[in-house]
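K.L.:
Okay, structure incoming, though there's no sequence with it:
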């Protein structure tokens, strides 16, 4: 305690009496532990690296998910302009948007959002929240292409077939990167 007062130590506190002891800020405790035990230092560094890698994976996935959401705006605008008459109600428009979203879901995942929810009642969110990074990249591309197809007046059945072919082709390419992580 006297040393702490003489040196003006910051981050270390000493308490006397019952439940007393010397307490240090966690950074100081980590350095002390690493000085005492090289094994502790190795474990601490490895755990830190694992946590940073997990954080990077999550950030990467979140960025891809946000990209998918932005491209979905392009997609919904094409639907609004080309497929939804001005006379329909909000509910009817919502059904059309959902119908077009399911075109993408069927082309990519082979099922509608409702079918996925029925098969996965324990999972929160939607089918896209559980998609891999490669699936999200492919979906993002498909949203843009579907917007172009809608603007060109292509029928929904034709778009579904074309989008499914594109999904298969793009997923083969994205999955066949030989273990390389092209996007981080």
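P.N.:
On my side now, so go ahead. Keep in mind that this is a model prediction, so the values were computed, not measured. Numbers count the residues shown, from 1 in each chain.
K.L.:
From residue 35, how far out is residue 150?
P.N.:
Distance, residue 150 to residue 35, by CB to CB, to the nearest Å: 65 Å. (C-beta placed from N, C-alpha, C; glycine too.)
K.L.:
I meant to write residue 117 there.
P.N.:
54 Å.
K.L.:
So for those two, which sits in the more crowded spot?
P.N.:
Ranked by neighbour count (other CB atoms under 10 Å), residue 117 and residue 35 place residue 117 first, with 14 against 10.
K.L.:
Tell me the spacing between the more buried one and residue 52.
P.N.:
34 Å.
K.L.:
Same question for residue 45.
P.N.:
From residue 45 to residue 52 the distance is 11 Å (CB to CB).
K.L.:
now residue 172
P.N.:
32 Å.
K.L.:
repeat for residue 44
P.N.:
With CB to CB as the criterion, residue 44 and residue 52 are 13 Å apart.
K.L.:
ok, those two, which is more surrounded?
P.N.:
residue 44 (15 against 10).
K.L.:
Local confidence estimate at the more buried one?
P.N.:
Looking at residue 44, its pLDDT reads 83.
K.L.:
Tell me which helix or strand it sits in.
P.N.:
For residue 44, the enclosing helix or strand under DSSP states H and E is helix 38-82.
K.L.:
other SSEs contacting that helix?
P.N.:
Contacts defined by 3 or more CB pairs under 8 Å, 6 or more residues apart in numbering; DSSP states H and E place helix 38-82 against helix 26-36, helix 90-109, helix 133-151.
K.L.:
so can I have a markdown table of those showing mean pLDDT and distance to residue 57?
P.N.:
Compiled in a markdown table, the helices and strands packed on helix 38-82 are given as follows (pLDDT from 0 to 100; distance: least, CB to CB, whole Å):
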| stretch | mean pLDDT | distance to residue 57 |
| --- | --- | --- |
| helix 26-36 | 81 | 24 |
| helix 90-109 | 94 | 21 |
| helix 133-151 | 91 | 9 |
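K.L.:
Comparing those, which comes out most buried?
P.N.:
Greatest average neighbour count among the helices and strands packed on helix 38-82 goes to helix 133-151 (a mean of 20), per mean count of other CB atoms under 10 Å.
K.L.:
Helix 38-82 and that helix, what's the angle between them?
P.N.:
Here helix 133-151 runs at an angle of 10 degrees relative to helix 38-82 (axes from the mean of the first three to the mean of the last three CA atoms, to 10 degrees).
K.L.:
quick one: the helix or strand following helix 133-151 to chain centroid distance?
P.N.:
Sequence-wise, the next helix or strand downstream of helix 133-151 (DSSP H and E) is helix 156-175. Mean-position distance between helix 156-175 and its chain equals 22 Å (CA atoms, centre = their mean, to the nearest Å).
K.L.:
Only the buried residues of helix 156-175, if you could.
P.N.:
159, 160, 162, 163, 164, 166, 167, 170, 171, 174 (16 or more other CB atoms under 10 Å).
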